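**Q** coords please:
(chains A, B, C and D)
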2 protein chains.
Amino acid sequence: MDMPVRTSEDVDLDRLSTALGFLMRLAQLKIYERFFEEVGEHHLKPGEFSVLWVILHNPGIRQSVLGQRLMIKRAHMTKLIRALEDQGLVTRQVPDDDRRAVEITLTPAAADKIRQASHWFFTYEDSVGENLTRDERQQLTGLLRKFVGID
Amino acid sequence: MDMPVRTSEDVDLDRLSTALGFLMRLAQLKIYERFFEEVGEHHLKPGEFSVLWVILHNPGIRQSVLGQRLMIKRAHMTKLIRALEDQGLVTRQVPDDDRRAVEITLTPAAADKIRQASHWFFTYEDSVGENLTRDERQQLTGLLRKFVGID
DNA sequence: TGGAGATTGTTTCCTTGTAAACAAATTTTT
DNA sequence: AAAAATTTGTTTACAAGGAAACAATCTCCA
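**A** This is a model prediction of the structure:
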């Protein structure tokens, strides 16, 4: 009797269940989904927050550098920055030594806003991976850091 | 002299560099980007492949179950399945015991195609994480499995 | 039994992100 | 110094994926 599976627990993933790329995609989707359950829509989205956070800590950073570090494509970065500019959160300035580039800085109002937002953002981030032990979580973070080449 | 950063290595991520969600997003983007460099456009995309692979191993699986396991939303699943159907790779059948549902099966031609595609797919998957040691890679895979709740 | 409510898939509209072509500025080559 | 190639950001056109509303079916319970 060859019953088709009816519940997601019974699904046979075969080799897919050890494929690193596949697992990473699943993990990322899970995190993202939970983010919107917990944090809701009221706030900045994770992408926007990380852009602003990095500008806060690297005032005058150039769009291209920001994009490289956060893996955001140039075309998309243009839109992100413009949206932030429209909200009065960042200012764009073309530097004298390279007039193709654009340097980004937070407005004073934005700097405050980010520092506030960082509270719930990192509260959420700290809650990610609660089904792991403290050690496992630390291991995972370390391995991911090495994997993506940070530090 | 407060020089703005000029290279992505110099970017100060502050607490972001240990935030699990952030690292996971970066890792996933890195994998995805490399996928297209190495595998090119000629083949199935990772999402399509995983759907077909799971159908191969779970014939007659229902769209909803497939979506739950692969974390694909219903609306998107509908489009994915229709695209595969248009390519003659899957067939849809409404089962008698629940006429809302749709059961998916591979066509014989598709089954062959997937078995071939699995060669390059898993070759790529095996190459992911080559900057880690064998042990680290294994650890990472295990932690991710636990994190996403597989096994 | 007969609603009330839940589930399943679909459609429509919208958001997010990418690819490709482009213009302007800079760097490299010759 | 002039020409060629590269970098940076922008625009435009498109693809991937999600939210909400909907119709059909099924389940539960009064």
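**Q** Quick one: mean pLDDT for stretch A:117-135?
**A** Average pLDDT, stretch A:117-135: 93.
**Q** anything in it sitting right up against chain B?
**A** Yes: Stretch A:117-135 is in contact with chain B by C-beta under 8 Å from any C-beta of the partner chain, via A:118, A:122, A:124-125, A:128-129, A:131-132. In short, each C-beta sits where N, CA and C put it, glycine included.
**Q** Over to stretch A:102-110?
**A** Yes: using C-beta under 8 Å from any C-beta, a contact is recorded between stretch A:102-110 and chain B, made by A:Glu103.
**Q** quick one: is that stretch near DNA strand C?
**A** No: Stretch A:102-110 does not reach DNA strand C (C-beta under 7 Å from any atom of the strand); its nearest approach is 11.4 Å.
**Q** and that stretch, which residues are buried?
**A** Under the neighbour-count criterion of 16 or more other C-beta atoms under 10 Å in any protein chain shown, stretch A:102-110 has A:102-106, A:110 buried.
**Q** Check stretch A:87-100 too.
**A** For stretch A:87-100, burial by neighbour count (16+ other C-beta under 10 Å) applies to A:89-90.
**Q** Any idea how far it is from the middle of the chain?
**A** Its chain's C-alpha centre and that of stretch A:87-100 lie 23 Å apart, by C-alpha atoms, centre = their mean, to the nearest Å.
**Q** hmm, back to that, just the buried residues of stretch A:102-110 that are near DNA strand D?
**A** Answer for those near DNA strand D (C-beta under 7 Å from any atom of the strand): A:Val102.
**Q** Dump the buried residues of stretch A:102-110 into a markdown table; add pLDDT and secondary structure as well.
**A** Output for the buried residues of stretch A:102-110, formatted as a markdown table (pLDDT from 0 to 100; DSSP: H, G, I helix; E, B strand; the rest coil):
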| residue | pLDDT | secondary structure |
| --- | --- | --- |
| A:Val102 | 98 | coil |
| A:Glu103 | 98 | strand |
| A:Ile104 | 98 | strand |
| A:Thr105 | 97 | strand |
| A:Leu106 | 97 | strand |
| A:Ala110 | 93 | helix |
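**Q** Closest one to chain B out of the buried residues of stretch A:102-110, please.
**A** A:Glu103 (6.1 Å; C-beta to the nearest C-beta).
**Q** can you tell me how far the closest residue to the closest one other than its chain neighbours sits from A:Val90?
**A** Nearest residue to A:Glu103, sequence neighbours excluded (C-beta to C-beta, 6 or more residues apart in numbering or on different chains): A:Gly60, at 4.5 Å. Distance of A:Gly60 to A:Val90, given as C-beta to C-beta, to the nearest Å: 11 Å.
**Q** all helices for chain A, in order.
**A** For chain A, helices defined by DSSP state H occupy the ranges A:20-39, A:46-57, A:63-70, A:74-86, A:108-127, A:134-148.
**Q** Only the C-alpha atoms, please, for the third one, written as CSV.
**A** Listed next in CSV are the C-alpha coordinates belonging to helix A:63-70 (Å, rounded to 0.1, in the frame of the first residue of the first chain):
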residue,chain,number,x,y,z
GLN,A,63,27.1,53.2,-1.1
SER,A,64,29.3,50.8,-2.9
VAL,A,65,31.1,49.8,0.3
LEU,A,66,27.9,49.4,2.2
GLY,A,67,26.5,47.2,-0.6
GLN,A,68,29.6,45.0,-0.7
ARG,A,69,29.5,44.4,3.1
LEU,A,70,25.8,43.8,3.3
